[in-house]
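> Structural data only, the sequence is not supplied:
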């Protein structure tokens, strides 16, 4: 399977590159727009990811596994979910930043349901996003959305966490990568 992936990925990249080149050469507008979107997203990621990886690296070094396990591990209770809501609300950079942080939290001993809460909350209740939303749709709308979304994120992550634990799912640790 590894050998098959080793051939397929370069072929996909080559096919994409050929498609973009032909699109620019013949004036195929959807292909041109795809390439412009790709460059735009690439620039955004180049701006955000280095800072995010530096912060994740500092988290890996400075925060002890015992601390994460005590506050976000198997025995954390509802307080762990509240910590994740608070952490997720301060995350800047969307899921580009949330996934590395979630992986790091899991490696340090956070319960998978709490990690899933962090991922869901970082997509739903980031402070910059809520402020932007409230300025256009109103504070009442934003509060109602948060009061409905946050409990649903917590309940869904608890359900998914129990399901994944019951099925024996284990995320690959960084030392196994």
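Perfect, I can see it now. Source: prediction; values computed, not measured.
> Helix, strand or coil: sort out the residue lying closest to residue 108 once chain neighbours are set aside for me.
Leaving aside its chain neighbours, residue 108 sits nearest to residue 68 (3.9 Å; criterion: C-beta to C-beta, 6 or more residues apart in numbering). C-beta: built from backbone N, CA, C; applies to glycine. Assigned with DSSP: H, G, I helix; E, B strand; the rest coil, residue 68 falls in the helix class.
> So what's the residue count around residue 68?
Neighbour count of residue 68, defined by other C-beta atoms under 10 Å: 22.
> I'd like to know how far the residue of the chain positioned farthest from its centre sits from residue 11.
Most distant residue from the mean C-alpha position of the chain: residue 26, 37.5 Å away (C-alpha atoms, centre = their mean). Applying C-beta to C-beta, to the nearest Å, the value for residue 26 to residue 11 is 22 Å.
> mind checking how far the biggest helix by length in the chain is from the chain centre?
Ranked by residue count under DSSP state H, the longest helix found in the chain is helix 29-62. Helix 29-62 sits 13 Å away from the centroid of its parent chain (C-alpha atoms, centre = their mean, to the nearest Å).
> Please apply the same query to stretch 117-130.
For stretch 117-130, the distance to the chain centre is 10 Å (C-alpha atoms, centre = their mean).
> what does stretch 12-24 give?
Relative to its chain's centre, stretch 12-24 lies at 29 Å (C-alpha atoms, centre = their mean).
> residues in contact with it?
Residues lying outside stretch 12-24 but in contact with it, judged by C-beta atoms under 8 Å, 6 or more residues apart in numbering, are 28, 29, 30, 31, 32, 34, 35, 38.
> Buried only: go through those for me.
Burial by neighbour count, 16 or more other C-beta atoms under 10 Å: within those this picks out 31, 35.
> I'd like the contacts of stretch 12-24 as JSON lines, with distance to residue 51 and pLDDT appended.
Formatted as JSON lines, these follow (distance: C-beta to C-beta, whole Å; pLDDT from 0 to 100):
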{"residue": "28", "distance to residue 51": "36", "pLDDT": "93"}
{"residue": "29", "distance to residue 51": "35", "pLDDT": "95"}
{"residue": "30", "distance to residue 51": "33", "pLDDT": "93"}
{"residue": "31", "distance to residue 51": "32", "pLDDT": "93"}
{"residue": "32", "distance to residue 51": "31", "pLDDT": "95"}
{"residue": "34", "distance to residue 51": "27", "pLDDT": "94"}
{"residue": "35", "distance to residue 51": "26", "pLDDT": "94"}
{"residue": "38", "distance to residue 51": "22", "pLDDT": "94"}
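> No further queries at this time; thank you.
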